[in-house]
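J.: here is my input, please return the structure:
(chains A and B)
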Amino acid sequence: MLMEGQVTGQSERVLEAASRCIARVGLGKTTLDDVAREAGCARATVYRYFPGKQQLLVAWVDREIAALQAEVLAAAADAPTLGDACTAVVVTTARTLARHAPLAFVAAHEPEILMPFLAFEREDAFLRGAAALVAPAFTPFLSDTQATRLGEWLARLTLSYLCCPSESFDLHDVTAVRALVEDFVLPGFDRHVQSQGVSR
Amino acid sequence: MESVTQVDPLSLRDRLFAATYRCVERFGLGKTTVDDVVKESGISRATIYRQFPGGRDELLLETVGWEVANYFNALADHVRDAPDLTELLERGLGYAHRSVQEHALLRKILDTEPERLLPLLTTEVNKTLPFVADFLLPYLRREADAGRLRPGVAPQRAADYLARTIVSLIGAPGRWDLEDPDQVHELVAGELLGGIVLYPPDN
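T.: Numbers count the residues shown, from 1 in each chain, chains lettered A, B, ... in the order given. Have a look, this model is predicted:
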C-alpha cells in the first residue's frame, strides 16, 4: 500500500488517469478498472497502490488540492503588496478551478456528491483547510495567525462567488477582485494593517 | 371537491407549504409524496399540480424556499429596530447562528439525507442574497447620512458584500464563535464593517 509521501511515477500516472475518467463520467461511475485501462497498466498495479475506490479518491483529491495550492502560492510569490497577494490568490483559484475538467463534471452532474463537503460543519473544516493552504502567501506581510485569518476570509468570499456567481462581479477579473480586496477585505480585515510594499 | 369560489392563491400555497413541511418532518424528504400532502392538507391532487406543475420536486423545492424565507423573516424581525449597522450585525449574527443550530428538522435531514437537501437549500439560500442586501441598504444609507460611511463606499456594493459574508457565516462560522460577544464584536468591526463604516480612533 502506498505510504504517505511515497509518490511514485506509477501512482502519479494512475491519478492522472483517474482525473481523465472523472472528467468523462464523474465520480460515481469511475471504477478502478476504468482507471487501470486509462492509465494503460494492469488492474493489479492500480489495486497495489489503491486497494479500493475510496483510497483512490482520497489520494486523488489530496493531489488536486496540492496542485491548486502550488499554483496559488506560485502566483502570489512575487506580490509586492498584501493587496496584490490577496488578488493573486483569489484570481488564480478561480481560474484554476474553472479549468478543472473533473470538478466541472461533478459540479454539473453530481452536485449532491460535492455539496455535503461545502455546507455547515464540513464547510467549517473546508474553510480551515483552505486558510492553512493559502496562508503562506500572506506571511511575508503578516503574522501566521493573521495570515490564516485572512486566508479563511478570502476562502469564504471565493467559495461564495463560486457557488453563487454574481452578474456584476467576475472572480476572474483582476481589477474587480483587487477593488473588492482593497475596498472591503483589507481595511475590514485589520484596521491596523497597511497595504504597503515589503522589500523581498 | 373544491368550491367554485376563488381561493386566495397565497394562503393556498402557504397551506401547501406548511402541510408539505409537516410531511417531511414525519417521512423525510425522500419519502414524502404528493399523496401524503393531499392527505395532510385536504387539498386535491389537481389543485396541487395546478400550483406546482413540476409536481413533487417543485413542491419540495418551494417548501424549502418557504422555510428559508421564514427563517430570514424571523431574523429580520429580531434585528429590525437596531439603532445602527454595527448593533444590527452584532445582534443578528448570534441569533442567526443559534436558530440554525436549533432548527430540529434541518439537523435531522442533515444527519439522514443531506444529499437530498443541500442542492435545494443552496439554490434557495442563494436566492435570498438580494433580499438580505435590500434589507441592509436603508441601514447603510442611515450610516451615510450620519457621516459614518467610509468615503467612496457605494452602499449597494457594501450591501452585496455584507449579504454574502453574513449568509456564509450563518451556515459556517469557521474560526468565529458567534456566541462569544467579544469575537462577534471583533468580526463585525473588522472583517464585516472595517471597510464600510468609519470608527472613532479609540475603538
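J.: in terms of secondary structure, what does the helix or strand of chain A with the lowest mean pLDDT contact?
T.: Using mean pLDDT, DSSP states H and E, the weakest-scoring helix or strand in chain A turns out to be helix A:186-189, at a mean of 82. Other helices and strands packing on helix A:186-189, by 3 or more Cβ pairs under 8 Å, 6 or more residues apart in numbering or on different chains; DSSP states H and E, are helix A:82-98, helix A:144-163. For every residue, glycine as well, the C-beta is placed using N, CA and C.
J.: tell me where the chain has helices.
T.: No chain in the question, so chain A it is. Using DSSP state H, the helices of chain A run over A:9-29, A:32-39, A:43-49, A:53-76, A:82-98, A:101-109, A:111-114, A:120-134, A:144-163, A:174-180, A:186-189.
J.: the intended chain is chain B.
T.: Counting by DSSP H, chain B has helices at residues B:9-27, B:34-41, B:45-51, B:55-79, B:85-101, B:104-112, B:114-145, B:155-171, B:181-187.
J.: now do the contacts for the closest residue to A:R13 other than its chain neighbours.
T.: Spatially, and ignoring its direct neighbours in sequence, A:R13 is nearest to A:A39 (5.2 Å; Cβ to Cβ, 6 or more residues apart in numbering or on different chains). Counting by Cβ atoms under 8 Å, 6 or more residues apart in numbering or on different chains, A:A39 touches A:R13, A:V14, A:E16, A:A17, A:T45, A:V46.
J.: isn't A:L114 right up against A:V106?
T.: Yes - using Cβ atoms under 8 Å, A:L114 is in contact with A:V106, at 5.5 Å.
J.: so which residues on chain A come close to chain B?
T.: Neighbours of chain B within chain A, by Cβ under 8 Å from any Cβ of the partner chain: A:111-113, A:115-116, A:119-121, A:123-124, A:126-128, A:131, A:149, A:152-153, A:156-157, A:159-161, A:163-164, A:166, A:168-169, A:180, A:183-191.
J.: please spell out the ChimeraX selection for the buried subset of those.
T.: Buried subset of the residues of chain A next to chain B, written as a ChimeraX selection, criterion 16 or more other Cβ atoms under 10 Å in any protein chain shown:
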select /A:111,115,116,119,120,123,124,126,127,128,131,149,152,153,156,157,159,160,161,163,164,169,180,183,184,185,186,187,188,189,190
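J.: spell out which parts of chain B neighbour chain A.
T.: B:110, B:114-116, B:118-119, B:121-122, B:126, B:129, B:150, B:152-153, B:157-158, B:160-161, B:164-165, B:167-169, B:171-175, B:189-196, B:199.
J.: so where's the chain shaky on pLDDT?
T.: In the absence of a named chain, this looks at chain A. A:1-7, A:189-200 (pLDDT under 70).
J.: the intended chain is chain B.
T.: For chain B, applying pLDDT under 70 flags the ranges B:1-9, B:201-203.
J.: find the residue at the geometric middle of it.
T.: Per Cα atoms, centre = their mean, the C-alpha nearest to the average position across chain B is that of B:F72, at 3.6 Å.
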